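Chemist: got a predicted structure plus its sequence, pasted below:
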Amino acid sequence: MQGKAQDVLTQARTHAARWAGIAARRVHRGDAVGALLFLLATTVFAVVSLSMMGSNASLSFYDLLRLQNGGSMQGAMAGRGSGAGVYALLWLLAVAGPLLPSLLTHRAARLGYFAPLALWAIALAGVVSQVRELMNATRQFAGFMSNSRSSRSLAGDMASNLWDSLSFGFGFYLSLAIAVAFTVRGIAVLRRRA
């Protein structure tokens, strides 16, 4: 029994090494570098930084996806809490999508170049939705405090202070630049092969 398991593992390693070698020869190097940079830009580098009440918190693109999946802000800042759920699959597709045209001959594989931009659009829609929820909570807070002019001013000041404490990090610019570059490459590939 153990001998069969060893044979299966040996065959799996052999096939995996062969497939990895084929993939390494077929993948366009620029696409591979771009995919690696997109991976780093979305997981390692900060996309946004918040400075509130004397503490600083930086969130990566992947942390923002975890927030959209229903995680808490504190959990995301601490690197724990709920996972990204279905957004993790979308993120994986956005990282690996630009490699698909090199690996697959199907015409639809060329659409992989647009996966990073699609992830950006989904993430942007989620951030806009969360900002709307925050603004609604601020308005409800103002209503709770009474509908006086000073309470509305306080709610507006809270929202303004939150926006002022927000800054975009290197991951924001790098991931956006890579998404745009892959989109331009995808348009060029589609026009050339059309």
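Modeler: Thanks, I have it. Numbers count the residues shown, from 1 in each chain.
Chemist: any idea how far Leu93 is from Arg107?
Modeler: Distance check for Arg107 against Leu93: by Cβ to Cβ, to the nearest Å, it reads 18 Å. To be clear about C-beta, it is placed using only N, CA and C from the backbone, and glycine gets the same treatment.
Chemist: so the two - more neighbours on which side?
Modeler: Leu93 (15 against 11; other Cβ atoms under 10 Å).
Chemist: convert the C-alpha atoms of the helix or strand where the more buried one lies to PDB, please.
Modeler: Using DSSP states H and E, Leu93 sits in helix 86-96. Taking C-alpha atoms only, helix 86-96 is exported to PDB below (Å, rounded to 0.1, in the frame of the first residue of the first chain):
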ATOM      1  CA  VAL A  86     -15.900  34.800  -3.300                       C
ATOM      2  CA  TYR A  87     -13.700  37.900  -3.700                       C
ATOM      3  CA  ALA A  88     -10.600  35.600  -3.100                       C
ATOM      4  CA  LEU A  89     -11.600  33.700  -6.300                       C
ATOM      5  CA  LEU A  90     -12.000  37.000  -8.200                       C
ATOM      6  CA  TRP A  91      -8.600  38.100  -6.900                       C
ATOM      7  CA  LEU A  92      -7.000  34.900  -7.900                       C
ATOM      8  CA  LEU A  93      -8.500  35.200 -11.400                       C
ATOM      9  CA  ALA A  94      -7.200  38.800 -11.600                       C
ATOM     10  CA  VAL A  95      -3.700  37.700 -10.700                       C
ATOM     11  CA  ALA A  96      -3.600  34.600 -13.000                       C
END
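Chemist: so which residues of the protein form strands?
Modeler: 46-52, 55-60, 166-168 (DSSP state E).
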